[in-house]
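Visitor: coords please:
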Amino acid sequence: MKNKKVVISPPERRELSRRVRSRKIGAEDVRRARVILALGSGVGVRAVAGMLGCSSSYVQRWRERFLASRLAGLVARHQGRKVRPDAAKLEARILEWTRRAPQDGSTHWSSRRLAAVLGTNHMTISRVWARHGLQPHRLRRYMLSNDPDFEKKAADIIGLYLNPPDHAAVFCVDEKSAIQALDRLDPVLPLSPGRAEAHGFEYYRHGTLSLYAALDTRSGEILGKTAQRHTTADFVDFLTQVVASQPLGRDIHVVADNLSAHKTKLVDDFLARHPQVRLHFTPTYSSWLNQVEIWFAKIQRQVIARGIFSSLDDLRRKILRYIRHYNKTATPIKWTYSSPTKRINA
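Guide: Next up, the predicted model:
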């Protein structure tokens, strides 16, 4: 059998080729398929070993198993390690200790420190954690709304997203305040192979701007305006700009947060002059219900966080340029939410 030629039938070749192309099966299964395909193409054992970075004995072993059992022979026969007699008990101890706070003053366990306490190795700890989805090194923060009318307000806003009124516009409005116009004092070291873009630590601050933005939930387009501060007068001016962008008489629903500048007499007077405009306030500590916050996160990542601005005018110009280009390919946000009774944004 050692010198017997490997002949692969068309169905077997199709299956082996599928395994080679697959992104879901194990790397060892792919390598075995490559071995058989190469042997079936007339390549010698040593040449196949050199091509795939394995030993000749590895190639010979899987050739013999394929010739003996065909595709069924390309399955690993390793039985794995024997289960320790106390494995279940040890796993229970690991889970119990993981939920306890360490007694050395630290806030959470590492796999090596817990292994030292329990007298086992850190890989055992890691496998148990992975099996049960435990990640002691990670921390997530959440915001809990204390609004007594949370369900009513949340359902109202989610209804605007999922089932907007006919012949009406829905805008999510908010302001991103205190955007700093930072200018780096040292030259920027550009991106290059093996090195990330580098900014100097020192900077000069030219001042701050506030950005008012209104996201049209139907089209995803942004209406933006910059201001020196975020006052109630600026907010009303921006609402006037939103109204002017729509056909005369169209009903406009505006989703906004509970900032005090949004609930002044000046705003009430504006609403009295524009009866087609209705404000919908998000519940307290629930700005994540406002879709424009998703867009604010995007402009923060793509423009502001790594931006270099020589002046406030430069900052304003770059923000408005980004908005113009964004609107060319804007798409609405696909909003999903499981239950308006959930008050926690985790």
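Visitor: from residue 76, how far off is the residue nearest to residue 126 when sequence neighbours are not counted?
Guide: Distances taken as Cβ to Cβ, 6 or more residues apart in numbering place residue 111 nearest to residue 126, at 4.9 Å, with adjacent residues excluded. C-beta here means a position set from N, CA and C on the backbone, and glycine is covered the same way. Applying Cβ to Cβ, to the nearest Å, the value for residue 111 to residue 76 is 28 Å.
Visitor: neighbour count: these two, which is higher?
Guide: Using other Cβ atoms under 10 Å as the criterion, residue 111 and residue 76 rank with residue 111 on top: 21 against 10.
Visitor: residue 242 reaches residue 172, doesn't it?
Guide: No - judged on Cβ atoms under 8 Å, residue 242 makes no contact with residue 172 at a distance of 10.8 Å.
Visitor: what do the two both touch?
Guide: Common neighbours of residue 242 and residue 172 are listed as 214, 254 (criterion: Cβ atoms under 8 Å, 6 or more residues apart in numbering).
Visitor: more crowded one of those two?
Guide: Neighbours per residue, other Cβ under 10 Å: of residue 242 and residue 172, the larger number sits with residue 172, 28 against 20.
Visitor: just to be sure, the more buried one is in a strand?
Guide: Yes - per DSSP: H, G, I helix; E, B strand; the rest coil, residue 172 lies within a strand segment.
Visitor: who does it form a beta bridge with?
Guide: Residue 172 has these beta-bridge partners by DSSP bridges: residue 215, residue 255.
Visitor: all strands of this protein, in order?
Guide: Applying DSSP state E to the chain gives strands spanning 143-144, 168-184, 203-216, 222-227, 251-256, 277-281, 344-345.
Visitor: contacting residues around residue 170?
Guide: Per Cβ under 8 Å, 6+ apart, neighbours of residue 170: 160, 161, 164, 216, 217, 218, 252, 253, 255.
Visitor: could you chop the chain up by domain?
Guide: The chain breaks down into these domains under automatic domain parsing: 10-73, 87-132, 150-345.
Visitor: pLDDT of the last one, averaged?
Guide: This points to domain 150-345. Taken as a whole, domain 150-345 carries a mean pLDDT of 91.
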